[in-house]
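In: Following is a predicted model, sequence given first.
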Amino acid sequence: MSTRPLRKLTYRTKATLGLFFSLSIIGLPLESVSEVNSKQVEPRNGLTEFPFSTFDCDDSDTNLKSIAFTTYFSDGFYDLDVRSRAFIGSNASSYRYSDDPKYLEHHFGFSHQNIKGVIQRVGKLLPRLEKAIDLPILVEQFKAGKIDFPETTFLPELLKVALAQEIIASSPQAGHKVATFLKALQQLEAQLLSFKSGQGNAQQIDALNLLNNQARSAYKAFAPIAKSIIFSDDFDARMARQVKLICEEANQNKSPNHIVD
C-alpha cells in the first residue's frame with residue numbers, strides 16, 4: 001500500500017504547525033505574517049540527514065533503494081517553505097529606515113540573518129549552495145538548463161544535482177523560474193547586508209521593499225515546481241532516472257571533475 005498520501009498530509013500538517021510556531025514564539029497572530037520579515041525567529045534544530053555520505057554509481061539501483069532520500073527532500077522543502085513564507089512575508093513589505101545605528105543593526109541585522117537562513121535551506125535542496133556567494137554560479141546553470149556534474153561521490157551532492165536536473169526537465173520554463181528566485185535572494189541578501197552595515201539610506205527603502213516583493217513572487221513561482229516533484233508519486237523513480245543519467249555521463253567523460261573515486 002502506498003504511503004505517499006500520508007506524506008502529503010504530514011507535510012501540510014507540519015507546514016501549518018511550523019508557521020504557527022514561528023509566529024507564536026515572537027508573539028504575532030497568524031494574520032501578521034507580513035511583519036515577520038523584521039523579527040527574529042529561532043531556527044529549527046537541523047534537518048534530516050543521510051545515513052551515509054558516499055555513493056557507488058556501479059550499484060546505483062541497490063544503493064538508491066536503501067536511502068530515505070524522499071524524507072530528506074520532503075523535510076527540506078517543508079523547512080524552506082515555512083521559512084520563506086515567514087521571512088519574505090505574505091503581504092506588502094514593511095521595511096522602514098532610521099538614522100539610529102542600533103536600529104539598523106537590530107532591524108536589518110535580524111532580517112539579514114533570516115534571509116541567510118532561507119538561502120541555507122534552499123541549499124538543502126539544490127547543489128553547491130551554502131551561502132549567498134554561491135548563488136551567481138547556480139543562477140547561470142539554471143538559466144543554461146544544465147547543472148554541473150557532482151564533483152565527488154558525496155551522496156547529498158549527487159542527489160541534489162539529480163533533483164535540480166529533474167526540476168529543469170519538468171517544464172521549459174522551470175529552470176528560468178528557479179534562476180529568477182535565486183537571483184532575487186542574491187539581490188535581497190546584498191541589500192539587507194548594506195542596510196545592516198549602515199550603507200543604505202531612506203531613499204533606498206522603496207527599492208528594498210520592491211526586492212522583497214520580487215523575492216516573494218519568485219518563491220511563489222519556484223515552490224510549486226519543487227513541491228510537485230518532491231511529493232509526486234513517482235519521485236523515487238524520477239530521481240533514480242536522473243542519478244542513472246548522471247552516472248552514465250560521468251562514466252563516459254571520466255575526468256577529475258566527475259564522479260570518480
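Out: Arrived safely.
In: hey, let's count contacts and neighbours off CA atoms from now on
Out: OK.
In: which residues in this structure form helices?
Out: Per DSSP state H, the chain carries helices over the ranges 4-24, 60-65, 69-87, 101-122, 135-144, 155-170, 174-196, 205-230, 235-253.
In: Give me the helices and strands touching the last one, please.
Out: For helix 235-253, the elements it packs on are helix 60-65, helix 155-170, judged by 3 or more Cα pairs under 8 Å, 6 or more residues apart in numbering; DSSP states H and E.
In: now the angle between helix 205-230 and it, please.
Out: 100 degrees (axes from the mean of the first three to the mean of the last three Cα atoms, to 10 degrees).
In: now do the fifth one
Out: Regarding helix 135-144 and helix 205-230, their directions subtend 60 degrees when assessed with the same axes, to 10 degrees.
In: Helix 135-144 to helix 101-122, inter-axis angle?
Out: Using the same axes, to 10 degrees: helix 135-144 against helix 101-122 is 40 degrees.
In: Just the C-alphas of helix 135-144, formatted as PDB.
Out: The C-alpha coordinates for helix 135-144 follow below in PDB (Å, rounded to 0.1, in the frame of the first residue of the first chain):
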ATOM      1  CA  LEU A 135      24.200  31.900  -5.800                       C
ATOM      2  CA  PRO A 136      25.500  33.500  -9.100                       C
ATOM      3  CA  ILE A 137      27.000  30.300 -10.500                       C
ATOM      4  CA  LEU A 138      23.900  28.300  -9.700                       C
ATOM      5  CA  VAL A 139      21.800  31.100 -11.300                       C
ATOM      6  CA  GLU A 140      23.700  30.800 -14.600                       C
ATOM      7  CA  GLN A 141      23.500  27.000 -14.600                       C
ATOM      8  CA  PHE A 142      19.700  27.000 -14.200                       C
ATOM      9  CA  LYS A 143      19.400  29.600 -16.900                       C
ATOM     10  CA  ALA A 144      21.500  27.400 -19.200                       C
END
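In: now for that helix, which elements pack on it?
Out: Judged by 3+ Cα pairs under 8 Å, 6+ apart, helix 135-144 is in contact with helix 174-196.
In: The helix it packs on: which residues count as buried?
Out: Applying a neighbour-count criterion of 16 or more other Cα atoms under 10 Å, the buried positions in helix 174-196 are 174-196.
In: quick revisit: among the helices and strands packed on helix 235-253, which is nearest D148?
Out: Among those, the nearest to D148 by Cα to Cα is helix 155-170 (7.8 Å).
In: tell me which residues of the closest one are tucked away?
Out: 155-168.
In: Check stretch 228-242 too.
Out: Applying a neighbour-count criterion of 16+ other Cα under 10 Å, one finds I229, I230, F231, F235, D236, R238, M239, A240, Q242 buried in stretch 228-242.
In: Likewise for stretch 137-153?
Out: 138-143, 145-150, 152-153.
In: Out of the helices and strands packed on helix 235-253, flag the one nearest D100.
Out: Among those, if distance is taken as Cα to Cα, the winner is helix 155-170, at 42.6 Å.
In: If you count contacts, what does that closest one end up packed against?
Out: By 3+ Cα pairs under 8 Å, 6+ apart, helix 155-170 packs against helix 174-196, helix 205-230, helix 235-253.
In: Quick one: closest of these to V82.
Out: Short answer: helix 205-230, nearest of the helices and strands packed on helix 155-170 by Cα to Cα, at 11.2 Å.
In: hang on, the earlier thing: pLDDT and distance to L126 for the buried residues of helix 155-170 - can I get that in CSV?
Out: Output for those, formatted as CSV (pLDDT from 0 to 100; distance: Cα to Cα, whole Å):
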residue, pLDDT, distance to L126
L155, 79, 13
P156, 82, 10
E157, 86, 8
L158, 87, 10
L159, 90, 9
K160, 93, 5
V161, 94, 7
A162, 93, 9
L163, 96, 7
A164, 97, 6
Q165, 96, 10
E166, 96, 11
I167, 97, 10
I168, 97, 12
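In: which of the residues you listed sit farthest apart?
Out: So, the buried residues of helix 155-170 by Cα to Cα: farthest apart are L155 and I168, at 20.2 Å.
In: nearest to L104, of the buried residues of stretch 228-242?
Out: Taking the buried residues of stretch 228-242 together and measuring to L104 by Cα to Cα, the closest member is I230, at 38.5 Å.
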